[in-house]
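*Asks:* Make a model of this:
(2 chains)
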Amino acid sequence: MTEIHWFDTLAAAAEAADAQEKLRLTYIWAPG
Amino acid sequence: MDTVTYPDADVASFIAEHYVGLKINILDRHPDFKEASAGSRVIWAPTLIFADRRGELRRYVGWLPPQAFLAELHMARGTAAFNSGQFADARGRFDTLLAQFPEAPVAPEAMYWQGIAGFLAGDRDMDALRSSWERLAAEHPNSRWGTHASVIEDAS
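*Replies:* Below is the predicted model:
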């Protein structure tokens, strides 16, 4: 079962996306 | 999203294969919030923003179930290829979206861009444009995309 890994900083997500040649999905959520 | 859509096996595997995820709580004073939201105001959640290394590709607000969300994931990939001038790849990605998710909310928009991608990939292939847009105007006449495409009826 694949689980989505979520980064919590833009710099880390952008670096990973560039390195892996993937798109970036930003998920802005609200609790509750 | 966290209880239904993201746990879906197809959604999770597609994101793992094609995307890097960034998750931000709208209520936090997250240091990256302004930059991550591309300078636009975000006043409701969930907000989903799709981007490539050059910047934002698309965004929308609101929950979607797994199949409709998968179609959005495909749409952003098609848009990325289109915006990079890779029109044949874009056409292929829109084709895949429409074959797998013909009833998705984003399908009319995908069909619109499928026609343009086909036109540009085929060196002004009018048959490709006409095929997609005539189908779009016939199948989704009340969508904005069907309205946009209806001009094909006047094209020579």
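
*Asks:* which parts of chain A sit against chain B?
*Replies:* A:1-11, A:13-14, A:16-18, A:20, A:22-31 (C-beta under 8 Å from any C-beta of the partner chain). Every residue, glycine included, has its C-beta placed from N, CA and C.

*Asks:* Tell me, how many residues neighbour the residue nearest to residue B:105 when sequence neighbours are not counted?
*Replies:* Closest residue to residue B:105 apart from its sequence neighbours, by C-beta to C-beta, 6 or more residues apart in numbering or on different chains: residue B:68 at 5.6 Å. By other C-beta atoms under 10 Å in any protein chain shown, the residues close to residue B:68 number 16.

*Asks:* So what's the gap between stretch A:23-30 and the chain middle?
*Replies:* Counting by C-alpha atoms, centre = their mean, to the nearest Å, stretch A:23-30 is centred 7 Å from the centre of its parent chain.

*Asks:* do stretch A:6-22 as well
*Replies:* 6 Å.

*Asks:* quick one on the thing from earlier: PyMOL command for the buried members of the residues of chain A next to chain B?
*Replies:* Buried members of these, defined by 16 or more other C-beta atoms under 10 Å in any protein chain shown, are picked up in PyMOL with:
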select buried, chain A and resi 4+6+7+10+13+14+16+17+22+23+24+25+26+27+28+29
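
*Asks:* those strands in chain B, which residues are they?
*Replies:* Secondary structure of chain B, counting by DSSP state E: strands at B:19-25, B:47-52, B:55-61.

*Asks:* Output the contacting helices and strands for the last one.
*Replies:* Under the contact criterion of 3 or more C-beta pairs under 8 Å, 6 or more residues apart in numbering or on different chains; DSSP states H and E, the helices and strands touching strand B:55-61 comprise strand B:47-52, helix B:66-83.

*Asks:* quick one, that strand and helix B:66-83 angle?
*Replies:* Using axes from the mean of the first three to the mean of the last three C-alpha atoms, to 10 degrees, the inter-axis angle of strand B:55-61 relative to helix B:66-83 is 150 degrees.

*Asks:* In CSV, could you pull the C-alpha coordinates for strand B:55-61?
*Replies:* The C-alpha coordinates for strand B:55-61 follow below in CSV (Å, rounded to 0.1, in the frame of the first residue of the first chain):
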residue,chain,number,x,y,z
GLY,B,55,5.6,27.9,-11.6
GLU,B,56,1.9,27.3,-11.1
LEU,B,57,0.1,25.3,-13.7
ARG,B,58,-3.4,25.1,-12.3
ARG,B,59,-5.4,25.3,-9.1
TYR,B,60,-8.8,24.6,-7.8
VAL,B,61,-10.7,24.8,-4.5
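
*Asks:* I am finished for the moment; much appreciated.
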